[in-house]
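1. Predicted model and sequence below, questions to follow.
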Amino acid sequence: MTGPRVVSLAPSATATVAAMGAADTLVGVTHHCDPPDDAGDAHDCDPAPVGGWIDPDLDRVTTLDPDVVLTSDALQADVVAACRDRGFDVRHREPATLADVLDGFAARGRAVDRAAAG
């Protein structure tokens, strides 16, 4: 199973994806992320560095041809808007309650084709 091409623009999203056993779908991460050794394996690549959490290189993200871009936190509002302007399928999470956190895990799982893990 190759899975979707995932770019994570948030360390928390990268950690969540890895915990779900979907690190192999990561094709891009920020330099703030710490992906595990198997990251990118589904696409025969190491995840490409795409810059910072609030200042990613969106041209670099575009070259990675992501199926989904993961973001978190209100500080990324401009990044989210810019990604959506480029036509990326952005899955943004800003949990404020425990229920939001749990819903976020489920949503991340669906976003990376690991719904059961979410």
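-> Now that the structure is in, tell me what you want to look at. Numbers count the residues shown, from 1 in each chain.
2. And the contacts of the longest helix along the chain?
-> Taking DSSP state H as the criterion, the chain has its longest helix at helix 98-111. Around helix 98-111, the neighbours that count as contacts under CB atoms under 8 Å, 6 or more residues apart in numbering are 4, 6, 13, 16-17, 20, 22, 68, 70, 91, 93-95, 115-118. All C-beta atoms are positioned from the backbone trio N, CA, C, and that covers glycine.
3. try it again with 6 Å
-> By CB atoms under 6 Å, 6 or more residues apart in numbering, the list of residues contacting helix 98-111 from outside reads 16, 20, 68, 91, 93, 95, 115, 117-118.
4. Same question for stretch 63-82.
-> Applying CB under 6 Å, 6+ apart, the contact partners of stretch 63-82 are 4-10, 12-13, 27-28, 48, 54, 58, 83, 88-94, 111.
5. Output the helix or strand of the chain with the lowest mean pLDDT in CSV with nothing but the alpha carbons.
-> Among the helical and strand segments of the chain, the one scoring lowest on mean pLDDT, DSSP states H and E is helix 98-111, with a mean of 89. C-alpha atoms of helix 98-111 as CSV (Å, rounded to 0.1, in the frame of the first residue of the first chain):
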residue,chain,number,x,y,z
LEU,A,98,-10.0,17.1,25.0
ALA,A,99,-12.9,16.2,22.7
ASP,A,100,-11.2,18.3,19.9
VAL,A,101,-8.0,16.5,20.4
LEU,A,102,-9.7,13.1,20.1
ASP,A,103,-11.6,14.3,17.0
GLY,A,104,-8.3,15.5,15.6
PHE,A,105,-6.7,12.1,16.0
ALA,A,106,-9.7,10.5,14.1
ALA,A,107,-9.5,13.2,11.4
ARG,A,108,-5.7,12.8,11.0
GLY,A,109,-6.2,9.0,10.7
ARG,A,110,-8.7,9.5,7.9
ALA,A,111,-6.5,12.0,6.1
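6. Nice, that's everything, thank you.
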